[in-house]
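Engineer: Everything below, folded, please.
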Amino acid sequence: MKINTEQAGKILKRIIKIAFLVAIPIIIILPFIIKGENNIIFYMSIIYPNSILMLGIMYQFVRLFSSLEKNNPFTIENVNILSTTSKISYSMSLLWIIDLFILLFGIKNNDLNYLIVIIFLSILFFGVGVALWLLSVLFEKATNYKEENELTI
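Structural biologist: Numbers count the residues shown, from 1 in each chain. The predicted structure follows:
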């Protein structure tokens, strides 16, 4: 069975919407889940800003998959979506680096597991930001070529 771009857009959009709807209540009840932790303020200062930005990325992907659903991927709107998502990803990377410094120098928690995870996440989101920025540049060029092609026909 072959899946076309419209079907893929619908499927991916539904998956992201479900994840979005599941993430919101989890974020809300999180303080009650980690209530017994020693450094709850630190954990909340890590979780809430990053989770809000992650919800922003998910929202941008819902918008992106909507255009796939319409079978119109090469538009300026998608270039802006990818560019915005890239900036959000860079912001998440920066927040993880700030969290790393707070962990090292503020709380003086040298737990190697936390350090490795936070370093990994900061590098991951920086890489995702670069990849999304490159995609936005490629989509912009493809959109320009598409518009030029439509004008010549």
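Engineer: secondary structure element for the residue nearest to Glu140 when sequence neighbours are not counted?
Structural biologist: Sequence neighbours aside, Val79 is the residue nearest to Glu140 in space, at 4.6 Å (criterion: CB to CB, 6 or more residues apart in numbering). For every residue, glycine as well, the C-beta is placed using N, CA and C. Using DSSP states H and E, Val79 maps to helix 76-101.
Engineer: name the helices or strands packed onto that helix?
Structural biologist: Packed against helix 76-101, as judged by 3 or more CB pairs under 8 Å, 6 or more residues apart in numbering; DSSP states H and E, are the following elements: helix 40-69, helix 112-152.
Engineer: quick one: the shortest one to chain centroid distance?
Structural biologist: Looking back up the chat, that one is helix 40-69. 6 Å (CA atoms, centre = their mean, to the nearest Å).
Engineer: Show me which residues of that helix are buried.
Structural biologist: Buried positions in helix 40-69, judged by neighbour count with 16 or more other CB atoms under 10 Å: 42, 45-47, 49-51, 53-69.
Engineer: quick one, it and helix 112-152 angle?
Structural biologist: Counting by axes from the mean of the first three to the mean of the last three CA atoms, to 10 degrees, helix 40-69 points 20 degrees away from the direction of helix 112-152.
Engineer: Now do the same for helix 40-69: mean pLDDT, whole number.
Structural biologist: Helix 40-69 shows a mean pLDDT of 84.
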